[in-house]
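In: Prediction below, plus the sequence it came from.
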Amino acid sequence: MELKIIPVLQVAIAVILMTIIQYYLPTVNVATVISPLVRVSLVTLLVTIAVIIAFIAIYSFRQHQTTVNPSKPETSSQIVDSGIYQYSRNPMYLAMLLTLIAYACYLENALNLFICGLFFWYITKYQIVPEERMLIKLFGQDYVDYKNKVRRWL
């Protein structure tokens, strides 16, 4: 299976890369475009939304008594398709992405949005797609129906 790096570690790697970019390429700064008040408000809003989404997503998994461990999707006991999962198949990963976008806004460096895009691509290809294949094996047509009904991200 392609699941190589757990998602939380992927986020940590992205944060480190963003910090390195900020340190070594600080001239690609957008501080003059966005006022400090707007930037702080945007960062606060994105982090708040991310925390709420993550909490609701984890709560839904706990309520359905199934695993939240992304490195072992084969241990899933059922499809969670209610609550926030009726709008996004991957709200936990969405919360991670929103957090990275918030950090990019906080750093005020436009190049860091590239890292957000890289995270989006990597987690889709090496985490979400393999998880979906495993869930199709586990749940068959029920998961295919869910996949056809609910978007991957939003």
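Out: In hand now; what should we look at? Numbering: from 1, shown residues only.
In: Confirm for me that Gln127 is in contact with Val8.
Out: No - with contact defined as Cβ atoms under 8 Å, Gln127 does not count as touching Val8 (11.1 Å). Where you see a C-beta, it was placed from the backbone N, CA and C, and this is true even at glycine.
In: Comparing those two, which residue is more hemmed in?
Out: Neighbour count, other Cβ atoms under 10 Å: between Gln127 and Val8, Gln127 has more, with 22 against 11.
In: For Ala57, see how far away the more buried one is.
Out: 15 Å (Cβ to Cβ, to the nearest Å).
In: average pLDDT for the host helix or strand of Ile52?
Out: Ile52 belongs to helix 36-63 when assigned by DSSP states H and E. Computed over helix 36-63, the mean pLDDT rounds to 96.
In: May I see the buried residues of it?
Out: Neighbour-count burial for helix 36-63, counted by 16 or more other Cβ atoms under 10 Å, picks out Arg39, Val43, Leu46, Val47, Ala50, Ile53, Ala54, Ala57, Ser60, Phe61.
In: what's the closest non-adjacent residue to the last one?
Out: When the adjacent residues along the chain are set aside, Phe61 lies closest to Val68, with 4.7 Å between them (Cβ to Cβ, 6 or more residues apart in numbering).
In: which residues does Ile21 contact?
Out: If you count contacts by Cβ atoms under 8 Å, 6 or more residues apart in numbering, Ile21 has them with Leu107, Asn109, Leu111, Asn112, Ile115.
In: between those, which is closest to Ser76?
Out: Among the contacts of Ile21, Ile115 lies closest to Ser76 (Cβ to Cβ), at 29.6 Å.
In: give the contact list for the closest one.
Out: Applying Cβ under 8 Å, 6+ apart, we find Ile115 in contact with Ala14, Leu17, Met18, Ile21, Leu100, Ala104.
In: Tell me where the protein has helices.
Out: Assigned by DSSP state H, the helices in the chain fall at 7-24, 36-63, 91-107, 112-123, 129-139, 141-149.
In: Just give me how far the last one sits from the chain centre.
Out: I take that to be helix 141-149. 21 Å (Cα atoms, centre = their mean, to the nearest Å).
In: Make 30 the first number, not 1, from now on.
Out: Yep, numbering from 30; the last one is helix 170-178 now.
In: Which other helices and strands does it contact?
Out: The contact analysis (3 or more Cβ pairs under 8 Å, 6 or more residues apart in numbering; DSSP states H and E) places helix 170-178 against helix 158-168.
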